[in-house]
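Colleague: compute the structure for the input listed below.
(chains A, B, C and D, ligands or ions: 4)
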There are 2 protein chains.
Amino acid sequence: MTTRSQTPAPRARVRPPPDAATPAEARTRLNEWIAERGLKATRQRDLIVDTFFGATGHLSVDELLSKVQERDENIGAATVYRTMKILADSGLASPRHFEDGQTRYEAAIGRHHHDHLICTSCHAIIEFENERIEELQDLVARQHGFLVTRHKLELYGLCKACQARQPKR
Amino acid sequence: MTTRSQTPAPRARVRPPPDAATPAEARTRLNEWIAERGLKATRQRDLIVDTFFGATGHLSVDELLSKVQERDENIGAATVYRTMKILADSGLASPRHFEDGQTRYEAAIGRHHHDHLICTSCHAIIEFENERIEELQDLVARQHGFLVTRHKLELYGLCKACQARQPKR
DNA sequence: GGGCCGGTGAAATTGATTCTCAAATTCAAC
DNA sequence: GTTGAATTTGAGAATCAATTTCACCGGCCC
Ligand SMILES: [Mn+2]
Ligand SMILES: [Mn+2]
Ligand SMILES: [Zn+2]
Ligand SMILES: [Zn+2]
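Modeller: Ligands and ions are numbered 1, 2, ... in the order given. The predicted structure follows:
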């Protein structure tokens, strides 16, 4: 359901778009992280990670569970919850809390920080980066003596397609 | 727990800070709104509204329920949930979803739109307005053909006091 | 003086997520 | 290969905010 940004170059951005991760690379990286702290590699975790990085977008645990169970119907929901938490702790996936009451995860390997435009009609999610906004956020925080560690910027509204579809008034 | 912004005038803002609502004014406004659609004014609703607008900050329903029950122990949680939903529908209060899994409400009468700095240590909430950021958000949305109806900008980190208190490294 | 209608509050339900616990699995050391 | 301590798994129970249900209440209008 995620749509990738594709504006006609609004103003040349500097940082190059890094490469997305392959499922195999993600599995390797997770297993390194797991080994470092005496945890264990398991078939279930590999399957879940493989499925997650083989998909795109902002997946809810339930959506991911469905996909995982297509490959092995015996995987339990608790295991998917646990595995996604490990992926988040290791920095390989980012949890997102949009306003539908479910935690969604997106791949974080080789990706820049970005924020989201969310269509309240078709639930499309458009990603964007804006360095100026980030700078202004830092400025505001500094003016309040605040040290920011993370932020959330979400713009809710109607995507182009849904505006056309909607009663135009 | 909310702290009001008090920077030494970072750059003269234009809009004057509007007046906050008194509990009595809020009760009146809600009862007008209620009458317009054939609903009923009740003692419970008046009490809840009075308590809510007599308090400050970003109250969870549970916190509000406690305050309300100090005045009338027989008020039920369902009634507070229902009343706050009405206040939100009527535009007199704004629901906020920070990252602690509870809906919080703040008074919206005679207040500008604003965003929040949230201390992850002491849970203080600092409010700010930044016109430049709002403009850039609109610009980003326009570049994607998106029509924004509402947004959320939250900066999480450590407030000044908590930075001092924290291991400084 | 009995319906009509929304409102109330206790209790039950929902839905996402976490917890519990017995059984299964991993893996480093024999 | 085998062992055994530690970890993981999956089903179901527990949690927790929020919503729904439902029997009862209180004005209001014939
Ligand atoms: Mn994203
Ligand atoms: Mn606020
Ligand atoms: Zn849309
Ligand atoms: Zn603090």
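Colleague: with adjacent residues omitted, what lies nearest to residue A:26?
Modeller: Closest residue to residue A:26 apart from its sequence neighbours, by Cβ to Cβ, 6 or more residues apart in numbering or on different chains: residue A:53 at 4.2 Å. Where you see a C-beta, it was placed from the backbone N, CA and C, and this is true even at glycine.
Colleague: I'd assumed residue A:23 was in contact with that neighbour.
Modeller: Yes. At 4.2 Å, residue A:53 counts as touching residue A:23 under the criterion of Cβ atoms under 8 Å.
Colleague: more crowded one of those two?
Modeller: Neighbour count, other Cβ atoms under 10 Å in any protein chain shown: between residue A:53 and residue A:23, residue A:53 has more, with 23 against 16.
Colleague: mind checking the SS state of the more buried one?
Modeller: With DSSP: H, G, I helix; E, B strand; the rest coil as the basis, residue A:53 sits in helix.
Colleague: show me what contacts it?
Modeller: Counting by Cβ atoms under 8 Å, 6 or more residues apart in numbering or on different chains, residue A:53 makes contact with A:21-23, A:25-27, A:107, A:109.
Colleague: one more time with 10 Å
Modeller: Neighbour list for residue A:53: A:20-27, A:29-30, A:87, A:92-93, A:107, A:109 [criterion: Cβ atoms under 10 Å, 6 or more residues apart in numbering or on different chains].
Colleague: please report the distance of it from chain B.
Modeller: Note on residue A:53: its distance to chain B, by Cβ to the nearest Cβ, to the nearest Å, is 25 Å.
Colleague: ok, now residue A:88?
Modeller: Residue A:88 sits 14 Å away from chain B, going by Cβ to the nearest Cβ.
Colleague: which stretches of chain A form helices?
Modeller: A:23-36, A:43-54, A:61-71, A:77-89, A:131-143, A:160-165 (DSSP state H).
Colleague: need the winner for burial among those.
Modeller: helix A:43-54 (a mean of 19; mean count of other Cβ atoms under 10 Å in any protein chain shown).
Colleague: that one: how far from the chain's middle?
Modeller: Helix A:43-54 sits 16 Å away from the centroid of its parent chain (Cα atoms, centre = their mean, to the nearest Å).
Colleague: now the angle between helix A:61-71 and it, please.
Modeller: If you take axes from the mean of the first three to the mean of the last three Cα atoms, to 10 degrees, helix A:43-54 sits at 110 degrees to helix A:61-71.
Colleague: chain neighbours aside, what residue packs nearest to residue A:39?
Modeller: Residue A:39's closest residue in space is residue A:86 (Cβ to Cβ, 6+ apart), at 7.8 Å.
Colleague: oh, that last question was meant for residue A:96, not what I typed.
Modeller: Nearest non-adjacent residue to residue A:96, counting by Cβ to Cβ, 6+ apart: residue A:104, 4.7 Å away.
Colleague: just to revisit the earlier point, how close does the residue nearest to residue A:39 sit to residue A:59?
Modeller: In this view, residue A:86 and residue A:59 are 16 Å apart by Cβ to Cβ, to the nearest Å.
Colleague: what does residue A:119 give?
Modeller: 17 Å.
Colleague: ok, these two, which is more surrounded?
Modeller: residue A:59 (25 against 21).
Colleague: which neighbours do residue A:53 and residue A:23 share?
Modeller: Residues touching both residue A:53 and residue A:23 (Cβ under 10 Å, 6+ apart) are residue A:107.
Colleague: redo the helices of chain A as JSON lines? Include distance to residue A:149 and mean pLDDT.
Modeller: JSON lines is the format used below for the helices of chain A (distance: least, Cβ to Cβ, whole Å; pLDDT from 0 to 100):
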{"stretch": "helix A:23-36", "distance to residue A:149": "21", "mean pLDDT": "95"}
{"stretch": "helix A:43-54", "distance to residue A:149": "25", "mean pLDDT": "98"}
{"stretch": "helix A:61-71", "distance to residue A:149": "25", "mean pLDDT": "98"}
{"stretch": "helix A:77-89", "distance to residue A:149": "15", "mean pLDDT": "98"}
{"stretch": "helix A:131-143", "distance to residue A:149": "10", "mean pLDDT": "97"}
{"stretch": "helix A:160-165", "distance to residue A:149": "34", "mean pLDDT": "95"}
